[in-house]
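# Would you be able to build a 3D model of this:
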Amino acid sequence: MATIDKRGDYQWRARVRRNGKSETKTFESYEAAQRWALELEGKLVGDEYQDRRQARGTTLAQACGWMVEHLDRRQADAKNKLSKLAYWQNSEFADWSLVSLRPADLLRWRRIVLDEDNAEDLEAVGPAAEVGPQTVVHRLNVLAQVYQRWALAHDQTLTCPVTKYVRPGLPKGRDRRLDPHPDEHGRDEEARLLAAAAESSRPWLRAAIVIALESCMRQAELAGLTWDRVRLDVPHPYADLPKTKNDRARRVPLSVRATEAFASLRPEGTVAVIGKRPVLPVETGRGIAHAFRDAVTDDKFPDLRWHDLRHEAISRLFENTDLRDNEIMAISGHLRAEMLTRYTHLRGDKLGARLPGGSQHRR
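Residues are numbered from 1 along each chain as shown. Now for the predicted structure:
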């Protein structure tokens with residue numbers, strides 16, 4: 001049981017008794033003494049008192065602002081987190097108290113953002129969806145981090161509103177591969193794709209497709225590549241990518257085929273003269289995507305996108321090489337090994353050779 005006695009003009013002594021023992025502490029205000037007594041008494045009986053006034057008085061926008069100030073800019077995903085924090089700072093919940101936001105509020109927000117009420121059949125989003133399910137998951141993950149980190153830093157007990165079932169289900173990732181089967185003219189899909197690119201109004205598109213298939217470069221990485229970063233005159237040609245999606249520079253080795261494609265694009269003159277001239281005559285990755293869409297139509301290449309070339313390139317590294325996962329990560333630019341788990345099944349047949357008697361034909 002707790003008692004509080006006035007000891008002087010500016011002193012209050014709190015005493016908590018439990019099982020014949022007592023603990024005392026003196027404070028300068030009655031409120032501070034009462035809060036300490038409630039907290040200690042709660043710990044002793046297993047029903048700890050929590051002062052949630054700071055959490056009640058902090059808005060979501062303020063908590064996100066605190067997160068921005070304390071975010072480690074050296075993290076690979078810092079830029080993405082900042083954009084998600086900016087979203088919540090300007091959302092409909094920005095002026096809400098941290099203790100007011102509930103899972104039901106986020107579910108309502110999710111339904112609107114994804115236009116779920118107008119989704120047809122088994123689709124996850126409706127025709128008026130602002131963003132896709134993956135973006136919603138990313139935003140909710142950052143929101144959960146705000147609650148967890150802010151509460152820990154301020155010694156507050158907060159119930160995170162990002163609970164089970166709040167995050168939307170994610171659609172299966174794209175698995176569009178180039179069809180290896182020949183058509184009536186004996187050409188597989190890659191051959192037909194390169195032929196279509198060669199006939200386009202962009203003379204560089206065919207070589208760009210070959211480079212994408214051989215190097216796993218993203219379209220923005222290829223669009224930002226300059227000739228001073230490409231070395232073709234060394235025993236093992238390579239291209240240096242100083243700025244990538246995750247802001248980590250990497251060196252990409254070039255196959256013989258990729259080297260020939262770069263050479264076909266190289267303008268006349270020495271490297272010193274070429275300098276920082278871009279490899280492709282585009283300003284951004286969108287320029288590559290637009291050129292690709294103009295030449296690659298859905299009637300001849302159903303549901304084929306430029307980014308599918310990167311998926312094809314990574315798949316081929318798993319199928320056609322003995323490179324370890326970490327070596328493939330160094331080429332593709334993935335940060336975590338789990339990001340490559342979707343490709344590991346492509347080596348399932350090779351595991352048989354490592355089993356007892358696996359190298360022998362069984363009857």
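
# Every contact and neighbour count from this point should use C-alpha atoms.
Will do.

# In contact with the residue nearest to Pro242 when sequence neighbours are not counted: list those residues for me.
Nearest residue to Pro242, sequence neighbours excluded (C-alpha to C-alpha, 6 or more residues apart in numbering): Ala249, at 4.4 Å. By C-alpha atoms under 8 Å, 6 or more residues apart in numbering, Ala249 lies in contact with 240-243.

# Kindly reformat those residues as JSON lines containing distance to Leu143 and secondary structure.
Converted to JSON lines, these look like this (distance: C-alpha to C-alpha, whole Å; DSSP: H, G, I helix; E, B strand; the rest coil):
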{"residue": "Asp240", "distance to Leu143": "35", "secondary structure": "strand"}
{"residue": "Leu241", "distance to Leu143": "32", "secondary structure": "strand"}
{"residue": "Pro242", "distance to Leu143": "31", "secondary structure": "coil"}
{"residue": "Lys243", "distance to Leu143": "27", "secondary structure": "coil"}
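
# which of these are buried?
240-241 (16 or more other C-alpha atoms under 10 Å).

# out of the contacts of Ala249, who's nearest Ile112?
Set against Ile112, the nearest of the contacts of Ala249 by C-alpha to C-alpha is Lys243 (35.2 Å).

# I figured the closest one was touching Glu221, is that so?
Yes. Assessed by C-alpha atoms under 8 Å, Lys243 is found in contact with Glu221 at 7.1 Å.

# which stretches of the protein have low pLDDT?
Across the chain, the ranges flagged by pLDDT under 70 are 1, 18-20, 40-51, 121-122, 173, 269-275, 348, 350-354, 357-363.

# distance of the residue lying closest to Ile314 once chain neighbours are set aside from His307?
Closest residue to Ile314 apart from its sequence neighbours, by C-alpha to C-alpha, 6+ apart: Cys216 at 6.3 Å. Here the criterion is C-alpha to C-alpha, to the nearest Å. By it, Cys216 lies 10 Å from His307.

# could you pull out the helices for the stretch 201-350 of the chain?
Using DSSP state H, counting those that start in this stretch, the helices of the stretch 201-350 of the chain run over residues 205-215, 219-223, 256-265, 271-274, 285-295, 307-320, 325-332.

# okay, now the closest residue to Pro253 other than its chain neighbours: neighbour count?
Leaving out its chain neighbours, the residue that sits closest to Pro253 by C-alpha to C-alpha, 6+ apart is Tyr238, at 4.3 Å. Here the number of neighbours of Tyr238 (other C-alpha atoms under 10 Å) works out to 20.
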